[in-house]
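Trainee: generate a structure from the sequence data that follows.
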Amino acid sequence: ARVLGWARRYNPALENYDQVLKKDPQSYDAWLGKGRVYSYESRWRDSLKAYDEALKIRPKEPEAVRDRAQALLWSGDAAAAQPILADLHAENPNDTAVLISLASSENALARPDRALHLLDEAQRIEPNNADAVALRKQIHNALRPELRLGWSYLRDSELLNIWAYRVGFSFNLHHRIRTYLNVDYLPSSGLAALFGYPIYRENETPLFAPNVPLDGTIPSPILLGETDFPDNFLLPGGTRISQSAAQFQAGGSMRVNRWFSWTAGAGAIQLRHGGPDLDAAGLPSSRTRFIYNASPTFHVGRHVMFSLGSSRQYWAYTPKSTAQEIHVDELSASLVLMPNTRSRIALGYYHRQISRPFQIPDICVSDPVNGGCLIDPGSMEPVLLFEGRSFKKTGNGVTFTATGIVYRGEMTEFEVGYDAMAFGYNHPPGLPSPEFYLNTGVFTPSFYQRHAGTMRLGLSPSRYLFWDLHGSAGVQQIRLSPDLSFSSTAGSRLDFNF
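Mentor: You can find the predicted model right below:
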């Protein structure tokens, strides 16, 4: 049975062990051997049951205790394996197999400094131990600096083009703290009729401003007219307007212990409008703003993670100058379930507050006879449908993602999944056409939902190179429209490691 197991003929090996156990159910060696064969097959539950049977026969037998701990470690449960291996090491400080397994568990728990110290002990006893040399090399490879080059593209049904290019560099100043530096370039473009500020002219086709002056608030449509803009600044609706942003962030992440880790970063973003620099008209071509993110994560066992998040971001992807002033303060929470090493389920919630406030004009009742606003005969003032005010917008949203790796080879990984989101933003009570009056370049509908299938293909032709291709396709509903529209995304990422 042992020879068959070493030869990777697992089914015949198990049959031979079962023959032994049929004759002698108390055979310690047979239960131990079955546990090892099940481990070779990655049948972790069966392996642990077999080791438990062996330990019933010989309680605290170091060999069975060590092999059971290794099965826990290989199955991904390093938190359960580590205390068992630590006890074994205390009882047998010169056992190199225990030292190496304990080092592997410490590394899996994001404590590479402890792992390297334990490997130093193991190699003082056996300087040329092949397992110790291999694990040390694996740890150093994970700690080496990494250069990441990324690219992604999004195009939607409203002909909005969104590109993103990233250069990221990560490294370890300390064994447990992974530091990152990211630089992003984010160009976008869209039709002026959809993303420009509308200027309505009597009996003429509307024109659109690619940039608007701001005075503490964001002007809703009809507040500004042609005279508020320089000559030759307004565009016809079919013209594409462009915007770009350059963003820098520095931060780090750390696994503090088996149940807690954190990630945090801060930086700046410079938003650039494609038109001329018109500072005198209150239309600067670039603005620089502060951004940040912080996220503590709580690990519950090896299958559950719960994260909280706080961030400030700018909506650089909308090609409209008002987006250069609109920032989003977001609070979020997410729950991630990982039933096994191939599956992932994530449920998220976020609350957003959008700044600056919107300035909404008075909206009057139309006079069907004379045109214009209907006048109250008593006060001689316009009869209002809505009294103008300054208004701050907030929103709430939920996300759900379920993915599974359907193929995993030495150089290739293919994943499919399902992605859903739903969100909505508040509007002032009584405001007619709120999406019109409050959507000056910012997509904040009262309700939105999207359901899509996802795919991801990962290729690793060498240990220095990783290529990721991903995309999604599905349907979306904007507001409560009965008509669904098609929505898709596509992107790619290329990582160089050194």
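Trainee: count of neighbours near R45?
Mentor: For R45, the neighbour count with other Cβ atoms under 10 Å is 10. (C-beta placed from N, C-alpha, C; glycine too.)
Trainee: for the closest residue to I354 other than its chain neighbours, grab phi and psi.
Mentor: Leaving aside its sequence neighbours, I354 sits nearest to K393 (Cβ to Cβ, 6 or more residues apart in numbering; 4.5 Å). Dihedral angles of K393 (phi, psi; degrees, to the nearest 10) stand at phi -100, psi 140.
Trainee: residues contacting K393?
Mentor: K393 makes contacts with 353-354, 357-358, 425-427, 438, 444, as judged by Cβ atoms under 8 Å, 6 or more residues apart in numbering.
Trainee: at 7 Å what do you get?
Mentor: 354, 358, 425-426, 438, 444 (Cβ atoms under 7 Å, 6 or more residues apart in numbering).
Trainee: narrow those residues to those in helices?
Mentor: Judged by DSSP state H, these include L438 as members of helices.
Trainee: pick the one among the contacts of K393 closest to L159.
Mentor: For the contacts of K393, the minimum distance to L159 (Cβ to Cβ) is 19.6 Å, reached by T444.
Trainee: any weak-confidence spans in the stretch 351-498 of the chain?
Mentor: Residue ranges of the stretch 351-498 of the chain with pLDDT under 70: 439-442.
Trainee: helices along that one, start to end?
Mentor: 434-438 (DSSP state H, counting those that start in this stretch).
Trainee: would you map the strands across it?
Mentor: Secondary structure of the stretch 351-498 of the chain (DSSP state E, counting those that start in this stretch): strands at 363-364, 384-386, 389-408, 412-425, 448-462, 465-478, 485-497.
Trainee: now swap in the stretch 201-350 of the chain and tell me
Mentor: Going by DSSP E, counting those that start in this stretch, the stretch 201-350 of the chain shows strands at 204-209, 218-219, 240-255, 260-273, 286-300, 304-314, 327-337, 343-360.
Trainee: show me which helix or strand of the chain is least confident by mean pLDDT.
Mentor: Sorting the helices and strands of the chain by mean pLDDT, DSSP states H and E puts helix 434-438 at the bottom, at a mean of 76.
Trainee: with only the CA atoms kept, save that helix in CSV.
Mentor: Taking C-alpha atoms only, helix 434-438 is exported to CSV below (Å, rounded to 0.1, in the frame of the first residue of the first chain):
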residue,chain,number,x,y,z
PRO,A,434,-34.9,65.1,-10.8
GLU,A,435,-32.4,63.3,-13.0
PHE,A,436,-32.4,66.4,-15.3
TYR,A,437,-32.0,69.0,-12.6
LEU,A,438,-29.5,67.0,-10.5
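Trainee: which parts of it are buried?
Mentor: Neighbour-count burial for helix 434-438, counted by 16 or more other Cβ atoms under 10 Å, picks out 434, 437-438.
Trainee: swap in stretch 50-70?
Mentor: 50-51, 53-55, 57, 61, 64-70.
Trainee: before we move on, what about stretch 406-420?
Mentor: Buried, per 16+ other Cβ under 10 Å, within stretch 406-420: 413, 415, 417-419.
Trainee: same deal with stretch 219-227?
Mentor: For stretch 219-227, using 16+ other Cβ under 10 Å, the buried residues are 219-221, 223-224.
Trainee: residues in contact with that stretch?
Mentor: The contact list for stretch 219-227, computed with Cβ under 7 Å, 6+ apart, reads 197-200, 212, 234, 358-361, 436-438, 440.
Trainee: which of these are buried?
Mentor: If we count by 16+ other Cβ under 10 Å, those have these buried: 197-199, 212, 234, 358-360, 437-438, 440.
Trainee: among those, which one sits closest to A264?
Mentor: Nearest to A264 out of the buried ones among the contacts of stretch 219-227 is F358 (Cβ to Cβ; 31.2 Å).
Trainee: I'd like to know which of the contacts of stretch 219-227 is nearest to M380.
Mentor: Distance to M380 across those (Cβ to Cβ) is lowest for P361, with 19.7 Å.
Trainee: the residue nearest to S310 when sequence neighbours are not counted: how many residues sit nearby?
Mentor: Distance criterion Cβ to Cβ, 6+ apart; nearest residue to S310, sequence neighbours excluded, is A294 at 5.2 Å. When neighbours are counted by other Cβ under 10 Å, A294 registers 14.
Trainee: wait, A294 sits on R312?
Mentor: No. The pair A294 / R312 is not scored as a contact, 10.1 Å apart, by Cβ atoms under 7 Å.
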